[in-house]
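**Student:** Requesting a structural model of the entry that follows:
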Amino acid sequence: MRYMTSISDVIVIGGGPCGSFTAYNLARQGVKVTVFEEHDEIGVPCHCPGHLNIKGLKQLGLCPLPAGTIENTFRGAVFHSAKGASFSVRFAKPITCTVNRVLFDKHIAKMAEDAGVGYYVNTRVDALVIDDGFVKGVAVKKNDGGETRCLAKIAVDAEGTSFRILRLAGLASPNRRMLVNGVHAELENVGDVEQDMVEVFLGNDYAPGFYAWIIPEGDGQAKVGLAARAGNPKELLEKLVHKHYVASKKLGEARILKAVFHPLTLGGLIPKAYSNGFLAVGDVASQVKPTTGGGIIFGMTCAGAAAKVIREALDGSDFSSEFLKAYQQRCDELLGFDMKVMLRVRRALNAMSDRKLDNMISLCNKLRLEQAFGNIEDIDFQGRSLVRLLRSPRMLTALFYFFFHYLSANP
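**Tutor:** Here you go, the predicted structure:
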């Protein structure tokens, strides 16, 4: 093994958007950062449809994105129950978009590189260098067999959902009972879809413990996927495409161009995303919405918090767990309330039978809640949005029904 005395102040493990955004925010503050990415190319393979809240992108300072990165924009969504009921929410203007994840990830990495971050692709972090209880760097291996030990003052884990490095740091991985297995596919020859509406399919026969989706891309193509806490995602996708009462009419003649499989963690923030000389950011820290499984905006929000705490640690030469716990506190301040609300909603959804979900969607139509939902200002921070919705008597009625059936199923 070849040794290096030091290459940077901070090492980031993983070149996805959360890792690159952490590196970018650090480099802007004059910190020397190196990113190690195990794959040959940033953004490849793509594991998610890249469906993002436009307001969230603006709050992160990422708008406008480079030409070609945004594939489509959406004004709302149609929710389908397993029994055929549907409920639509439409906003006055586009509220979400889909991005080409390869181009998006490359853009964030280029921002970081332009700020002075060094990238090593095709380079896998095999182990953490731990000395006297502190993470002091990483042992990396090039896919061609070369090995190097690289030292730094702090290591940031942005590895995604493998949780391997997290466990090496002695930290607990997310709640396994709240993991779902997902599939993301690209389909062509998709018909009968509104180009500015996402379609969501609920039901335990097709996506137990989560949901399925159709996200139009135009020209007869769409991003289609699902996640489930039980069953084979590939088989469930085939079942959705060919047998679902509504989806099969749109997808029955479609052809799957490619499909990738990945887990989602829906259990809320892990209780400890820090240790001596170490922080965890993004999916590995379960900075993911329990309701929808979206983690890019939340993860990049926490990446900004991580960069601030790391800068403070470098300024004070204090890399102890006691100091770095400020990162956890800031994540809790940023996301804690919304995470708790969304986790309750997720558990309530999981507890409801298909019949009760069907009744819930029918009730939303009877109460004409599309207008109330259409006034939501922020679809990322859903806890705060839900509190604002409680001003509507009709919404209170729907929420009473929703949680009454949740509590009756969980006495």
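**Student:** neighbours of residue 300, just the number please.
**Tutor:** Neighbourhood size, residue 300 [other C-beta atoms under 10 Å]: 28. Glycine gets a C-beta too; all of them are placed from N, C-alpha and C.
**Student:** That one: what secondary structure?
**Tutor:** What DSSP: H, G, I helix; E, B strand; the rest coil gives for residue 300 is helix.
**Student:** Could I get the contacting residues of it?
**Tutor:** Shown in contact with residue 300 (C-beta atoms under 8 Å, 6 or more residues apart in numbering): 17, 18, 21, 60.
**Student:** Run a quick check on the last one versus residue 301, I expect a contact.
**Tutor:** Translated: residue 60. Yes: under the criterion of C-beta atoms under 8 Å, residue 60 is in contact with residue 301, at a separation of 7.0 Å.
**Student:** Counting neighbours, go ahead and name the busier of these two.
**Tutor:** A count of neighbours by other C-beta under 10 Å puts residue 301 above the other of residue 60 and residue 301, at 22 against 18.
**Student:** my guess is the more buried one contacts residue 335, does it?
**Tutor:** Yes: counting by C-beta under 8 Å, residue 301 touches residue 335, with 7.2 Å between them.
**Student:** any low-confidence regions in the stretch 1-150 of the chain?
**Tutor:** By pLDDT under 70, the low-scoring segments of the stretch 1-150 of the chain are 1-6, 143-144.
**Student:** At which residues are the strands of it located?
**Tutor:** Using DSSP state E, counting those that start in this stretch, the strands of the stretch 1-150 of the chain run over residues 2-3, 10-13, 33-36, 51-53, 70-74, 76-80, 86-90, 96-99, 118-120, 123-131, 134-142, 147-151.
**Student:** Just put these in TSV and tack on mean neighbour count and distance to residue 354.
**Tutor:** TSV is the format used below for those (neighbours: other C-beta atoms under 10 Å; distance: least, C-beta to C-beta, whole Å):
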stretch	mean neighbour count	distance to residue 354
strand 2-3	8	58
strand 10-13	29	41
strand 33-36	26	44
strand 51-53	21	24
strand 70-74	19	26
strand 76-80	20	11
strand 86-90	18	14
strand 96-99	22	26
strand 118-120	17	47
strand 123-131	18	43
strand 134-142	21	47
strand 147-151	17	52
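**Student:** domain assignment for the chain?
**Tutor:** Following automatic domain parsing, one gets these domains for the chain: 2-47+103-175+269-342, 177-265, 352-409.
**Student:** quick one, helices of the chain?
**Tutor:** 17-27, 54-59, 101-114, 164-168, 233-243, 247-251, 296-316, 321-351, 354-366, 370-373, 382-389, 393-409 (DSSP state H).
**Student:** just those: most buried one?
**Tutor:** Comparing the helices of the chain by mean neighbour count (mean count of other C-beta atoms under 10 Å), helix 17-27 ranks first with a mean of 29.
**Student:** Which elements pack onto that one?
**Tutor:** Identification of packing neighbours for helix 17-27 by 3 or more C-beta pairs under 8 Å, 6 or more residues apart in numbering; DSSP states H and E yields strand 10-13, strand 33-36, helix 101-114, strand 154-157, helix 296-316.
**Student:** what's the span of stretch 79-94 from first residue to last?
**Tutor:** One end of stretch 79-94 sits 17 Å from the other (C-alpha to C-alpha, to the nearest Å).
**Student:** List the contacts of the spatially most central residue of the chain.
**Tutor:** Centroid-nearest residue in the chain, with C-alpha atoms, centre = their mean: residue 295, separated by 1.7 Å. Going by C-beta under 8 Å, 6+ apart, residue 295 touches 18, 264, 282, 283, 287, 288, 289.
**Student:** May I see those residues organised as JSON lines, with distance to residue 238 added?
**Tutor:** As requested, the contacts of residue 295 are arranged in JSON lines below (distance: C-beta to C-beta, whole Å):
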{"residue": "18", "distance to residue 238": "32"}
{"residue": "264", "distance to residue 238": "20"}
{"residue": "282", "distance to residue 238": "30"}
{"residue": "283", "distance to residue 238": "26"}
{"residue": "287", "distance to residue 238": "32"}
{"residue": "288", "distance to residue 238": "26"}
{"residue": "289", "distance to residue 238": "27"}
